[in-house]
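# give me a model of this one.
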Amino acid sequence: MRWNGSSRTTTFVGSTQLTAAIAAADIAAVGTAQVTVANPGGSVSSALPFTVTAACPCNIWSSATTPAVPSNNDPQAIEVGVRFQSDRAGYIKGIRFYKGSSNVGPHTGKLWTATGTLLASATFSGESASGWQEMRFATSVAIAANTVYVASYYTASGFYSVTYPYFTSPVLSPPLRALANGDGGGNGLYLYGTGGGFPTSTFNSANYWVDVVFDDKP
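Prediction:
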């Protein structure tokens, strides 16, 4: 058996089964490997993808990822969000967002269906002055596989974080995927106004740095 073209120790079990030794380094990073089988005569099978997913609870972005503009110079109350889906069914336990020092809030995180039905909301508390903030819903929300949802947060103070253009292509962090702008709808969503609401407007494929906490268990 070959893992991304490199041979791995393989044992013949039967005409329809092989076992192969896969090193820890092979599955240390999230991504997709191409698996092929080569016979002694040298012919090689067609490749099959093998997806390595993150250990969960997991997110779209790591805590080391930061925006180009931590506090955009826009003091208006606004709700910003992201369209996402999961490769497998599971639960959304909470919302994350990146906070610049001028974004003092208060902040409320929300989870919506793709058409704007509110599934859960909660207020952020115990925030740090800046960086990634996280809250948990009182009850985890079950989500279906390969189904679009929207995660958002409302800030009364404005000065949200932003990077643009960003969603010109999808962001893949298996099992999670932030959709590309234009893939069934816009991404990098916003709605101006006191109290917020379901965000639907977009600008230049912007990323407003909203994330989710996904898990396989409630």
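# can we go C-alpha only for contacts and neighbour counts from here?
Noted.
# Ser46 versus the residue positioned nearest the centre of the chain, what's the distance?
Centroid-nearest residue in the chain: Ile60, 2.5 Å away (criterion: Cα atoms, centre = their mean). Going from Ile60 to Ser46 by Cα to Cα, to the nearest Å gives 31 Å.
# against Thr66, how distant is the spatially closest residue to the residue nearest to the centre of the chain that is not a sequence neighbour?
Leaving out its chain neighbours, the residue that sits closest to Ile60 by Cα to Cα, 6 or more residues apart in numbering is Ser173, at 5.5 Å. Look at Ser173 and Thr66: by Cα to Cα, they are 16 Å apart.
# what's the first helix or strand after the host helix or strand of Glu134?
Assigned by DSSP states H and E, Glu134 belongs to strand 131-143. Helices and strands here follow DSSP H and E; after strand 131-143, the next one along the chain is strand 149-155.
# the strand or helix carrying Phe12 pairs with which strands?
Assessed by DSSP H and E, Phe12 sits inside strand 10-14. Strand 10-14 has its sheet partners listed here by DSSP bridges as strand 17-20 (antiparallel).
# other residues contacting the next helix-or-strand element following the partner strand?
Downstream of strand 17-20, the first helix or strand assigned by DSSP H and E is strand 31-36. Identification of contacts with strand 31-36 by Cα atoms under 8 Å, 6 or more residues apart in numbering yields 1-5, 44-53, 173-174.
# ok, stretch 190-198 next?
Stretch 190-198 is contacted from outside by 76-81, 112, 116, 154-156, 199-202, using Cα under 8 Å, 6+ apart.
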